[in-house]
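1. Structure for the following, please:
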Amino acid sequence: MRKIGKWMYILPLAAILSGCVLDDLSLCPQNTGLSLSLSYRTGGQAAGKLPIERADLFVFDSRGRFLRTLTDRQGPFTSDRRYELELPPGDYTVAAWGNLQKDLRVSPDPFVPGMTTLEEACILLSGLSVSGKADTGLQRVSGPEKFLYHGRTGTLRVESGKKTGGVIPLYRDTKVIRLQVRYLKPDGSPCDEARPYPYACMLAADGGLKFDNSYLPLPAFVLENSGRNENIPNGFDAVFHKMTLRLDEPQEPEIILTDPRKPGQVIYRAGLTQWLRGTGYDTQEALDNTHEYVVELRFACTHTTVRIFVNGWEYVPIDEDI
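-> Next comes the predicted model:
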């Protein structure tokens with residue numbers, strides 16, 4: 001009889017916990033779960049106001065299966081705001097994304113509780129597919145309109161009747177490449193016959209990120225510029241919002257200039273990573289700590305010679321044979 005009584009106690013408890021996880025989160029034990037906040041550092045100091053307009057927290061269980069999402073579009077987006085997640089006792093991992101807007105989407109779509117895994121979860125530029133295949137030629141997309149931020153916890157353990165606290169540090173992924181193309185005579189004065197200015201784009205392959213913030217392998221695509229200014233006496237500016245910037249990218253990002261009078265004819269093409277390495281951005285830490293890059297191409301009145309500057313530092317090619 002004593003054994004029967006023991007099992008009569010355990011079975012209802014197991015049913016409650018099972019229902020809490022898979023069927024109805026309202027069945028979770030009271031005051032049990034996670035209490036999380038987001039943080040962001042800028043200029044070496046913690047920011048009270050976070051640089052985001054939307055926060056999405058994705059909860060995964062101990063086996064890496066998706067459980068639920070908490071989305072905040074209202075704010076206030078401050079470091080002292082707490083996100084309360086009612087969960088049963090267990091181990092959890094939470095991934096946070098800041099600024100998931102219309103130009104970014106989660107994949108697979110939809111996330112299925114108990115089935116979608118942390119390993120397969122990813123963020124994609126809206127214009128790209130997971131396969132990366134297009135009907136004709138390379139896919140053409142624009143980068144994130146708003147800067148993307150990412151954070152993730154380690155394993156968080158929840159015990160019955162307790163709230164486990166934690167802080168998720170956010171890190172900015174999106175990089176801004178400000179391309180400045182200038183046409184100058186030897187004396188530094190503007191060229192007389194520089195117009196029409198070429199079309200500028202970037203060849204990239206960073207259109208997807210996994211939930212651990214690593215690359216999702218994708219075929220190369222054409223990254224369109226998100227802003228262009230020709231109201232300049234001797235050239236033009238173009239702005240690219242690149243999803244991220246890594247030294248180990250599967251496709252080295254390339255700046256490509258094409259002839260506006262002969263669509264598709266390349267005037268100039270060169271890799272961005274070599275310029276970064278040659279101007280002091282030769283470690284991943286240096287790239288992670290710099291979010292905006294001013295890349296200036298100083299052409300002669302033809303495209304036969306060029307000087308290259310990154311954030312004011314001139315790039316000098318190194319002859320490996322010397």
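2. and the closest residue to Asp282 other than its chain neighbours, what is it in contact with?
-> Leaving out its chain neighbours, the residue that sits closest to Asp282 by Cβ to Cβ, 6 or more residues apart in numbering is Leu276, at 7.4 Å. C-betas here are computed from N, CA, C, even on glycine. Residues in contact with Leu276 (Cβ atoms under 8 Å, 6 or more residues apart in numbering) are 282, 287, 293, 310.
3. which SS state does Leu276 fall under?
-> helix (DSSP: H, G, I helix; E, B strand; the rest coil).
4. Quick check: next helix or strand after the helix or strand Ile308 falls within?
-> Element membership of Ile308, judged by DSSP states H and E, is strand 306-310. Sequence-wise, the next helix or strand downstream of strand 306-310 (DSSP H and E) is strand 313-315.
5. List the contacts of that following strand.
-> 274-275, 278-280, 307-309.
6. In that strand, which residues are buried?
-> Buried residues in strand 313-315, defined by neighbour count with 16 or more other Cβ atoms under 10 Å: Tyr315.
7. Can you give the strand pairings for it, parallel or anti for each?
-> Paired with strand 313-315 in the same sheet, following DSSP bridges, are strand 306-310 (antiparallel).
8. Give me the buried positions along the strand it pairs with.
-> Across strand 306-310, burial judged by 16+ other Cβ under 10 Å covers 308-310.
9. Format those as a markdown table; extra columns: distance to Pro190.
-> Output for the buried residues of strand 306-310, formatted as a markdown table (distance: Cβ to Cβ, whole Å):
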| residue | distance to Pro190 |
| --- | --- |
| Ile308 | 19 |
| Phe309 | 17 |
| Val310 | 22 |
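10. rewinding a little: what residues does the strand holding Ile308 touch?
-> With contacts defined as Cβ under 8 Å, 6+ apart, strand 306-310 is touched by 268, 270, 275-276, 279, 281, 293-300, 314-315.
11. now with 10 Å?
-> The contact list for strand 306-310 (Cβ atoms under 10 Å, 6 or more residues apart in numbering) reads 177, 180-182, 184, 255, 268, 270, 272, 274-281, 290, 293-300, 314-317.
12. count of neighbours near Ala55?
-> The tally of other residues near Ala55 (other Cβ atoms under 10 Å) stands at 25.
13. same thing with the one 4 residues further on?
-> Neighbour count of Val59, defined by other Cβ under 10 Å: 22.
14. residues contacting it?
-> 33-34, 36, 65-70, 85, 87, 92-95, 113, 153, 156.
15. ok, now Tyr183?
-> 190-195, 197, 233-236, 297-303.
16. re the thing from before, now the contacts of Leu276: which count as buried?
-> 287, 293, 310.
17. Poorly predicted segments of the stretch 151-300 of the chain, please.
-> The stretch 151-300 of the chain contains residues with pLDDT under 70 at 194.
18. can you give me the strands in it?
-> 156-158, 163-169, 171-172, 175-183, 199-204, 208-210, 221-224, 227-232, 235-242, 254-258, 266-271, 292-299 (DSSP state E, counting those that start in this stretch).
19. can you tell me which residues contact Cys191?
-> Per Cβ under 10 Å, 6+ apart, neighbours of Cys191: 182-185, 233-235, 299-302.
20. distance of it from Val181?
-> According to Cβ to Cβ, to the nearest Å, Cys191 stands 12 Å off from Val181.
21. Report the set of residues contacting both of the two.
-> Residues touching both Cys191 and Val181 (Cβ under 10 Å, 6+ apart) are 234-235, 299.
22. any chance of the contacts of Cys191 in CSV, plus distance to Pro169?
-> Below are these laid out as CSV (distance: Cβ to Cβ, whole Å):
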residue, distance to Pro169
Arg182, 39
Tyr183, 44
Leu184, 44
Lys185, 50
Pro233, 44
Asn234, 43
Gly235, 40
Phe299, 42
Ala300, 47
Cys301, 49
Thr302, 49
